[in-house]
Structures are given as structure tokens and as C-alpha cells.
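Asker: Give me a model of this one.
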Amino acid sequence: MSLNAEPPPDGRDFDAADAGAPDGAERAAAPSGPQASARRRGGAVLWLLVLLGALGFAGWRYEAPIRDALGLAPASAAAEPGDAKAEDAPASPDSVTLDEAGQKRLGLAFGQAETRRIVLPVRAPGTVAFDERRVTHLRPRTQGRVLSLAVQPGDRVEAGQSLATLDAAGILDARNGFLAAQAALGEAQASEKVAELQLKRGQDQLKFGGVAQAEVERRQVDLAKARAALQSAQASADMYRAQYQRLAPAEGAAPGTSAIVTPIAGIVTSVGVTLGEVVDTGRDAFTVADPTRILVLANLYGPDITRVKAGDAASVESPIPGHPGFEGRVRSVNAALDPATNTAPARIELDNPGDLLRGNMFVSVTIAADLGRDGVTIPAAAVQQTEAGPIAFVRAAPDRFERRALTLGIQRSDWVEVRSGVAAGESVATAGSFGLKAILLRSLLGSTD
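Answerer: Predicted structure coming up:
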């Protein structure tokens with residue numbers, strides 16, 4: 001835009017004559033006197049008016065960018081589409097009115113207040129342990145010298161497998177005792193038969209007076225003694241038979257040897273004997289554990305001890321990155337605290353496919369503690385913090401949102417329990433709710449200006 005002033009009456013260029021631009025020769029040729037002074041004053045005034053007009057145009061043209069850069073708002077600007085309608089009216093301390101365009105600009109999203117079972121995730125460190133009901137400690141059945149070792153720690157074994165062989169002199173003693181007991185049993189059986197036969201003959205002779213009544217009674221006593229001796233011999237033989245069968249070598253093994261056999265399938269976790277060592281029945285030779293089902297002891301502290309109950313679902317983080325976690329349930333919570341850590345272990349039973357969890361391994365445990373009640377919950381993203389406490393914006397109308405003060409209960413990362421402030425079924429703002437809080441605070445600040 002160009003601004004031109006009408007040339008002065010003497011025909012000289014205004015810029016050269018009155019703005020002080022001409023060189024020394026032109027200034028020397030300029031007319032003097034009262035008439036020239038009046039013309040110069042009129043030209044200066046005209047130039048000042050032109051300058052003020054240009055500055056006014058520039059201010060009108062660049063007002064908005066300058067105002068935006070400084071973060072200022074026009075004193076009496078008309079509301080643009082999408083602005084809160086509350087700016088056109090006195091500010092409300094408990095609601096925000098926002099049309100559809102404004103909601104889209106804030107990126108508002110909504111969630112529903114609903115009633116659900118209150119389940120609190122309890123996170124605790126844990127230690128993997130073998131189930132005592134699936135662990136066996138094997139000792140020698142008799143004293144002897146270790147002739148062979150078939151396994152070492154970490155080996156997998158099957159039920160009935162021989163782990164070691166002993167040269168056991170006690171087996172020979174047991175066999176000899178068994179044979180002697182069998183011989184005594186045979187003698188007692190023969191004595192009983194003889195006593196029965198003598199008694200029968202005496203009873204027959206008594207009928208025709210061949211023997212006295214006293215003789216028959218004596219033979220009855222002899223039969224009773226023979227039967228008692230038979231019972232004693234039978235018991236002794238049974239005892240020695242059981243002892244020998246317990247110590248007898250496995251089928252095909254050398255006589256006088258004893259094998260240490262595992263009754264369960266699993267993994268050898270420890271070996272307590274060495275080759276050639278003389279061992280007795282007083283200490284463990286092997287420990288075998290079944291790792292297919294295992295225990296995790298989660299250390300509970302403080303109020304979590306009373307929150308966790310038997311039957312609560314539990315998840316154990318996998319020690320292998322990318323592998324899914326292990327799911328199980330709490331079997332029990334120990335009634336006694338560990339005096340060193342002041343924690344109570346919760347016993348969690350888990351299936352252990354692939355033997356990924358190993359004894360004494362440290363793991364992270366999450367227990368879904370059922371608190372035994374239902375409550376109203378809202379998405380965690382709907383909660384905004386203020387100096388007065390937590391609030392949420394409830395959608396009272398398509399374009400109006402009410403601020404509600406909240407009393408919170410259990411708080412999780414995905415939802416929070418609301419004791420008061422929001423009722424089940426109400427819609428609350430989630431994403432973008434911070435923008436609603438900012439609009440409400442701005443309107444409140446503006447209303448106090």
C-alpha cells in the first residue's frame with residue numbers, strides 16, 4: 001500500500017523540501033520568510049498524519065499474530081466455534097459447556113462407571129521351592145560300602161530306578177535269620193501235628209477205659225503248647241522274611257548287595273555318598289524331587305497378609321523373556337511371620353512345564369486378592385488431581401460436563417474404586433479430561449478479574 005501527499009503550492013517535492021532529505025544545494029535555494037515557514041509547518045503536520053495512518057494500518061494488520069505470540073486474548077472477541085460457551089456467560093465453578101467441535105479438538109473420550117468385584121493386585125517377591133509332598137530323601141536300607149553310583153545331581157530318574165549299589169553284609173544276616181525262622185516254623189508245625197494225633201488216640205482209648213481221664217487232659221495241654229509255639233515260629237518267620245525281602249538285591253544283582261531305589265520319578269537334587277564310602281542308615285544318600293508341579297512362596301507384608309486368601313488367583317513372571325507367565329492359586333498363607341523379614345509366605349501351587357522354574361529361584365508374583373465386596377469403579381484416566389482432591393467430569397448433557405469431587409477406595413492402574421461422587425451407569429470423560437480441567441480453571445480465573 002502506498003501513501004502519497006499532495007505537493008505543496010510552490011511545486012517542490014514534499015519529501016525533498018519538508019522531510020529534511022535534500023542535499024545542501026537544494027536547501028540553500030529554498031525560499032525563506034514567513035510564507036516559506038508556514039508551508040514547512042503545514043507539510044510537517046501532513047507528514048505526521050500520514051505516519052500515524054500507516055502505524056494504525058500496521059497495528060490492525062498484525063494485531064492477531066502479536067497477541068497470539070504474547071498469549072493475550074482480545075478484550076471483546078467473539079467466541080470462535082468450539083470454544084467453551086461458558087466464556088460468554090458468568091463462569092460456573094462446577095461445570096464446563098463445550099460444543100462438539102471443542103470436544104473433538106480436546107480429543108475427549110468417555111468411559112462408564114460400573115459396579116464390579118473389587119480385586120486388588122498384590123505384588124510381592126517370591127522364591128521357588130519344591131513341594132514337600134513331591135520330594136523323597138533316600139537312605140541306605142542297611143549299612144554297607146558303596147559299590148557303584150548310577151546318577152549325579154541334575155539327572156532325571158524314573159520310579160523304581162536304582163541309584164546306587166551297596167556291598168551289605170546285613171543282607172546275609174537277614175537271609176540266615178529268615179532260613180532259621182523257617183526251620184523253626186517247620187518244627188513247630190510237626191510238633192502240633194504230633195500233639196493233635198496223641199490227643200485223638202487218648203480220646204479213643206478213654207471210651208473203653210484204655211487210659212485215664214487225666215492223661216487225656218495232659219495231652220490237651222500239650223496240643224495247646226504246640227499250637228502256641230507254632231504261632232510264635234510263624235511270627236518270627238514272617239518278620240525275617242519281610243526283613244530279607246526289604247534288603248534283598250534286585251533281580252539279577254549279585255548276592256549280598258543292596259540297591260538304593262527311588263520310589264518316585266523326578267530329578268536328583270543332591271547326592272550325599274561317594275564311591276567306596278561305608279554308609280549307614282543315619283543320613284541321606286540321595287534327594288529326588290518331582291518338578292512337574294512346584295511351589296512359589298510369595299512374601300506378603302503389612303496389610304497384604306490379611307488381604308490375600310486361599311483360592312486367590314496368582315501369576316508368576318517367567319524367568320525367560322517373552323515366555324508367558326505361570327498361572328496358579330494360593331493354597332494357604334502361613335500363620336507365622338518370618339522373624340528375619342517380618343513377612344508371611346503365601347504358598348502358591350503351579351504347574352511347571354519344561355522345568356523352567358527351579359528351586360530357590362527368585363521371581364515376581366502378582367496375586368489377585370479378592371477383597372470380598374462389590375464397588376463402583378471408573379477408568380483411572382478419568383481421575384484428575386486438584387488442590388481440593390481428586391475430581392472427575394461427568395457428562396450431564398451432550399455439551400455439558402459436571403465436575404464431581406471423588407472419594408476414592410482401591411486404586412489400580414486401569415480403574416479406581418469410587419466410594420462417593422459418581423454413580424454406576426454415569427458417563428465420565430477419560431482422555432482429554434485434563435483439557436476440561438484447564439478450561440474450568442481458566443474460566444474461574446477470568447471470572448475473578
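
Asker: where does the closest residue to residue 336 other than its chain neighbours land on pLDDT?
Answerer: Leaving aside its chain neighbours, residue 336 sits nearest to residue 344 (7.3 Å; criterion: Cβ to Cβ, 6 or more residues apart in numbering). In this view, the C-beta of every residue, glycine as well, is placed from N, C-alpha and C. For residue 344, the pLDDT comes out at 94.

Asker: For residue 368, what is the enclosing helix or strand?
Answerer: Assigned by DSSP states H and E, residue 368 belongs to strand 362-379.

Asker: The following helix or strand past that strand: which residues count as buried?
Answerer: As assigned by DSSP H and E, the chain's next helix or strand after strand 362-379 is strand 384-386. Neighbour-count burial for strand 384-386 flags residue 384 (criterion: 16 or more other Cβ atoms under 10 Å).

Asker: can you confirm residue 238 is in a helix?
Answerer: Yes: counting by DSSP: H, G, I helix; E, B strand; the rest coil, residue 238 is found in a helix.

Asker: Could you report the distance from it to residue 281?
Answerer: To residue 281, residue 238 is 22 Å away according to Cβ to Cβ, to the nearest Å.

Asker: one step back: which strands and helices lie in contact with the strand holding residue 368?
Answerer: Here strand 362-379 touches strand 110-112, strand 114-130, strand 293-300, helix 304-307, strand 313-316, strand 344-351, strand 407-411, strand 415-420, going by 3 or more Cβ pairs under 8 Å, 6 or more residues apart in numbering; DSSP states H and E.

Asker: Kindly recompute the last result at 7 Å.
Answerer: strand 114-130, strand 293-300, strand 313-316, strand 415-420 (3 or more Cβ pairs under 7 Å, 6 or more residues apart in numbering; DSSP states H and E).

Asker: could I get those strands as a markdown table with distance to residue 106, mean neighbour count and mean pLDDT?
Answerer: Listed next are those as a markdown table, based on distance: least, Cβ to Cβ, whole Å; neighbours: other Cβ atoms under 10 Å; pLDDT from 0 to 100:
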| stretch | distance to residue 106 | mean neighbour count | mean pLDDT |
| --- | --- | --- | --- |
| strand 114-130 | 24 | 17 | 93 |
| strand 293-300 | 43 | 22 | 94 |
| strand 313-316 | 37 | 21 | 94 |
| strand 415-420 | 22 | 19 | 92 |
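
Asker: now the ones you listed in CSV, with distance to residue 254?
Answerer: Listed next are those as CSV, based on distance: least, Cβ to Cβ, whole Å:
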stretch, distance to residue 254
strand 114-130, 34
strand 293-300, 38
strand 313-316, 48
strand 415-420, 71
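
Asker: which stretch among these comes nearest residue 275?
Answerer: With Cβ to Cβ as the criterion, residue 275 lies closest to strand 114-130 of the helices and strands packed on strand 362-379, at 26.7 Å.

Asker: Sheet partners, orientation included, of that closest one?
Answerer: Sheet pairing of strand 114-130 (DSSP bridges) gives strand 293-300 (antiparallel), strand 362-379 (antiparallel).

Asker: mind listing what whichever helix or strand comes after it pairs with, with the direction of each?
Answerer: Beyond strand 114-130 on the C-terminal side, the first helix or strand identified by DSSP H and E is strand 135-138. Sheet pairing here is set by DSSP bridges, and for strand 135-138 it gives strand 286-289 (antiparallel).

Asker: closest to residue 127 out of the strands paired with strand 114-130?
Answerer: Residue 127 lies closest, by Cβ to Cβ, to one member of these: strand 293-300, at 5.1 Å.

Asker: Residues touching the closest one, excluding its own?
Answerer: Under the contact criterion Cβ atoms under 7 Å, 6 or more residues apart in numbering, strand 293-300 has outside partners 124-131, 134, 308, 316, 333, 341, 343-352, 357, 363, 365, 367.
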